[in-house]
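A.B. asks: Just a sequence and a predicted model for now, questions to come.
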Amino acid sequence: MNTMETPGPFKPEDFLVEAAPGVARHDIDAVRQPNARRSKADDEAVGSWAGKPAIYPKLARGIFRNVKWIVMAVTLGIYYVLPWIRFDRGAGLPDQFFLVDFANQRLLLGPLEIWAQEFYYITGLLIISALGLFLVTSIAGRVWCGYTCPQTVWTDLMIVVERFWQGDRNTHMRRDQNGWTFDRVWRKAATHVSWLLIGLFTGGALVFYFRDAPTLANELLTGTAPMVAYAFVGIFTLTTYLLGGIAREQVCIYMCPWPRIQGAMLDHHSLIISYRDVRGEPRSPHKKGDTWDGRGDCIDCKACVAVCPMGIDIRNGPQLECIQCALCIDACNDIMDKIDRPRGLIAYTTERNQESRTSGPRDGLRIVRPRTILYSVAIAIVGAAMLWALLNRSSVDVTVIPDRNPLFVELSNGGIRNGYTVKIANKHQTPRRFKIDVAGIDGLATTIIGHDDQSVPIEVGPSNVKALKLFAALPRDKAKALASDSTPLTVTVTEIDGAATSSRDTSFRSPGP
Ligand code: SF4
Ligand code: SF4
């Protein structure tokens, strides 16, 4: 690829300066300098919004850009397609592979059903994800930020659309500098309409995770969906448009806490993207026939700055703003190929390696370190605990909620009666039959409303919860003989045609001795 830009009517001299034969020198300064702080006057001028010159990231080409295209296609593909994948769970049950079923308080993931009372599985999954992120960060730096963070992926997508309508860096800049021509206005309008459509599809896809996707899509299109669905589509459309299209890198720099937190996971052996100043300096343009002796390999073409979506110059050293997207590596490798110098002037390296290069041989990548061992052990422990819980998971669950007001009722014969709401959750995808036993107090008589004959099993539908009203009554003399006003009771639900059982402790309230 020839990096000589096509000169436009806007400041053509900017693109005719050569950094080396056939290599243009970009007239660009980093939008952000390390440790730059806005003055009070700046703050007053821009208000709470961080004013900045526009960033026009140039399209990079190379291995890392290709990896980012693949990651973008896979992550967006999963996000948009997942709610449409079907999974047969049997008659009367949702056939959506992944569904957050708020109405029935459960999460469905293929054959797995996580009920509201089993939320600890989700907590465990979140803990494993967080520890996994810590581990990856301690080994490979900000790969999450650079490749897979939704903010990065959607911003990348918005930039693709922007380039489609307004051209790559130089063309886009030229159009912006030429005033509000008709050409510029319609291209800007097309860009923003496209961003809003992406936002609409993003918001639309998200609501499909919470209700049967084909049904909800039909309802949304025919105007019969619940208002809350339209509200959330609207909210997500707007936030995607604002965060991915308008705010972009400002989200990473000013809104996201992760860049500050991830510093705690990095050490001298973590991979970072770095400019090898030992090799690159002193930098200067290189003329045809000049020797490379006594100078660095950096020809100061600033291609690395031109492609940076964060508007920084990696040659200024590690910076908080750098999301480690590796596009500057691609840009610089491309330049090195053109000037016939070795690749890797900007590359993944470690702080330790950077230091050792100045003094001696290169230090290899050390993945096994105390912190990576610690994170791996923690992941293994939480993973094993979750696996154990999953393998020993009961297929029936009972919850018992005692009446609070009144705590007990004194019957006309002097006996004492307590009321309970008993909920039986059948986690199988077939109907099942159960019986209820109450133990803990001799002489306790139980009745279930609507279920007079307790020898008849209680039937609970597939993946369903049945709520029953249970009364437990004790004759006057036995109630008087109780040692306290709160006596422990155990309610046990047992499957009639199987071995599943679940118990819950509660108490029997009375006036006391
Ligand atoms: S580091 Fe590479 S891309 Fe950046 S200015 Fe130097 S030669 Fe150009
Ligand atoms: S400096 Fe390089 S790695 Fe960092 S954000 Fe810019 S292009 Fe990406």
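C.D. replies: Ah, there it is. Ligands and ions are numbered 1, 2, ... in the order given.

A.B. asks: Can you give the domain ranges for the chain?
C.D. replies: Domains of the chain are assigned by automatic domain parsing as 1-34+269-362, 56-262, 396-509.

A.B. asks: got the residues of the chain near ligand 2?
C.D. replies: Counting by CB under 6 Å from any ligand atom, the chain comes close to ligand 2 at 273, 307-308, 310, 312, 314, 322-328. To be clear about C-beta, it is placed using only N, CA and C from the backbone, and glycine gets the same treatment.

A.B. asks: what does the chain put close to ligand 1?
C.D. replies: Residues of the chain lying near ligand 1 (CB under 6 Å from any ligand atom): 275, 280, 298-304, 315, 331-332, 335, 345-346.

A.B. asks: List the contacts of residue 114.
C.D. replies: 106, 107, 121, 122 (CB atoms under 8 Å, 6 or more residues apart in numbering).

A.B. asks: dump the residue contacts of residue 466.
C.D. replies: So, once contact is read as CB under 8 Å, 6+ apart, residue 466 ends up touching 423, 424, 426, 458, 459, 460.

A.B. asks: now with 6 Å?
C.D. replies: 424, 460 (CB atoms under 6 Å, 6 or more residues apart in numbering).

A.B. asks: helix/strand/coil for it?
C.D. replies: Following DSSP: H, G, I helix; E, B strand; the rest coil, residue 466 is assigned to strand.

A.B. asks: That one bridge partners, please.
C.D. replies: For residue 466, the beta-bridge partners are residue 424 (DSSP bridges).

A.B. asks: Which residue ranges of the stretch 101-250 of the chain form strands?
C.D. replies: 106-109, 112-115 (DSSP state E, counting those that start in this stretch).

A.B. asks: so where's the stretch 251-400 of the chain shaky on pLDDT?
C.D. replies: By pLDDT under 70, the low-scoring segments of the stretch 251-400 of the chain are 357-363.

A.B. asks: residue ranges of the strands in it, please?
C.D. replies: 271-275, 346-350, 396-402.

A.B. asks: want to throw those into CSV with mean neighbour count and distance to residue 414?
C.D. replies: Formatted as CSV, the strands of the stretch 251-400 of the chain follow (neighbours: other CB atoms under 10 Å; distance: least, CB to CB, whole Å):
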stretch, mean neighbour count, distance to residue 414
strand 271-275, 22, 78
strand 346-350, 21, 81
strand 396-402, 18, 21
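
A.B. asks: before we move on, back to that, I'd like to know which of the residues of the chain next to ligand 2 is nearest to residue 113.
C.D. replies: Using CB to CB, residue 323 comes nearest to residue 113 of the residues of the chain next to ligand 2, at 37.5 Å.

A.B. asks: so which residue of the stretch 1-150 of the chain comes closest to ligand 1?
C.D. replies: Nearest to ligand 1, among the residues of the stretch 1-150 of the chain, is residue 19, at 6.7 Å (CB to the nearest ligand atom).

A.B. asks: check contacts around that residue.
C.D. replies: Neighbours of residue 19 in contact, by CB under 6 Å, 6+ apart: 25, 285, 299, 300, 301.

A.B. asks: Swap in 10 Å and give it another go.
C.D. replies: By CB atoms under 10 Å, 6 or more residues apart in numbering, the contact list for residue 19 reads 3, 25-26, 283-287, 298-303, 335, 338-339.

A.B. asks: same deal with residue 302?
C.D. replies: 19, 24-30, 308, 313, 315, 331, 335.

A.B. asks: Can you say which of those residues are buried?
C.D. replies: Applying a neighbour-count criterion of 16 or more other CB atoms under 10 Å, the buried members of the contacts of residue 302 are 19, 24, 25, 26, 28, 30, 308, 313, 315, 331, 335.

A.B. asks: How about the backbone phi and psi for the fourth one?
C.D. replies: This points to residue 26. phi -70, psi 130 (degrees, to the nearest 10).

A.B. asks: did I read that right, residue 421 in a strand?
C.D. replies: Yes: with three-state DSSP as the criterion, residue 421 is part of a strand.

A.B. asks: what about the nearest residue to it once chain neighbours are set aside, distance to residue 252?
C.D. replies: Counting by CB to CB, 6 or more residues apart in numbering, residue 421 lies nearest to residue 401, which is 4.4 Å off, once chain neighbours are set aside. Computed as CB to CB, to the nearest Å, the residue 401 to residue 252 distance reads 46 Å.

A.B. asks: low-scoring stretches of the stretch 51-200 of the chain, by residue?
C.D. replies: Looking at the stretch 51-200 of the chain by pLDDT under 70, you get 51-52.

A.B. asks: In it, which residue sits closest to ligand 2?
C.D. replies: residue 146 (6.5 Å).

A.B. asks: on that earlier part again, ok, the residue nearest to residue 421 - contacts?
C.D. replies: Counting by CB under 10 Å, 6+ apart, residue 401 has contacts 419, 420, 421, 422, 423, 467, 504, 506.

A.B. asks: tell me which of those is nearest to ligand 1?
C.D. replies: residue 423 (64.4 Å).

A.B. asks: Quick check: that closest one touching residue 400?
C.D. replies: Yes: Residue 423 is within contact range of residue 400, at 7.9 Å (criterion: CB atoms under 10 Å).

A.B. asks: what sits in contact with each of these two?
C.D. replies: 493, 504.

A.B. asks: if we can go back for a sec, for the residues of the chain next to ligand 2, which one is nearest residue 80?
C.D. replies: residue 325 (22.4 Å).

A.B. asks: circling back: which of the contacts of residue 19 are buried?
C.D. replies: In the contacts of residue 19, the ones that pass as buried (16+ other CB under 10 Å) are 3, 25-26, 283, 286, 298-303, 335, 338-339.

A.B. asks: Dump these into CSV; add distance to residue 199 as well.
C.D. replies: Formatted as CSV, the buried ones among the contacts of residue 19 follow (distance: CB to CB, whole Å):
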residue, distance to residue 199
3, 34
25, 38
26, 32
283, 42
286, 46
298, 40
299, 41
300, 39
301, 36
302, 33
303, 32
335, 36
338, 39
339, 42
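
A.B. asks: farthest pair in those?
C.D. replies: 3 and 283 (16.8 Å).

A.B. asks: dump the residue contacts of residue 283.
C.D. replies: 19, 275, 277, 295, 296, 297, 298, 299, 300, 301, 315, 345.

A.B. asks: Helix or strand: which one has the first one?
C.D. replies: Under the assignment given by DSSP states H and E, the secondary-structure element containing residue 19 is strand 18-20.

A.B. asks: Okay, now the sheet partners of that strand, with direction.
C.D. replies: Here, using DSSP bridges, strand 18-20 pairs with strand 23-24 (antiparallel).

A.B. asks: so where's the longest helix in this structure?
C.D. replies: Secondary structure assigned by DSSP state H gives helix 182-207 as the longest helix of the chain.

A.B. asks: roughly how far is that one from the heart of the chain?
C.D. replies: Offset of helix 182-207 from its chain centre (CA atoms, centre = their mean, to the nearest Å): 23 Å.

A.B. asks: Can you give me the buried ones in stretch 306-322?
C.D. replies: 306-316, 318-322.

A.B. asks: Can you pick out the most distant pair from these?
C.D. replies: Between any two of the buried residues of stretch 306-322 (CB to CB), the greatest distance is 20.8 Å, for 306 and 320.

A.B. asks: and the gap between residue 455 and ligand 1?
C.D. replies: For residue 455, the distance to ligand 1 equals 83 Å [CB to the nearest ligand atom, to the nearest Å].

A.B. asks: distance of that residue from residue 406?
C.D. replies: 30 Å.

A.B. asks: and if you look at residue 124?
C.D. replies: 40 Å.

A.B. asks: neighbour count winner among the two?
C.D. replies: residue 124 (17 against 11; other CB atoms under 10 Å).

A.B. asks: Correct me if wrong: the more buried one contacts residue 378.
C.D. replies: No: the criterion here is CB under 10 Å, and residue 124 misses it with residue 378 at 11.8 Å.

A.B. asks: hang on, the earlier thing: nearest to residue 99, of the contacts of residue 302?
C.D. replies: residue 308 (40.4 Å).

A.B. asks: Tell me how many other residues crowd the nearest residue to that closest one once chain neighbours are set aside.
C.D. replies: Nearest non-adjacent residue to residue 308, counting by CB to CB, 6+ apart: residue 328, 5.8 Å away. When neighbours are counted by other CB under 10 Å, residue 328 registers 28.
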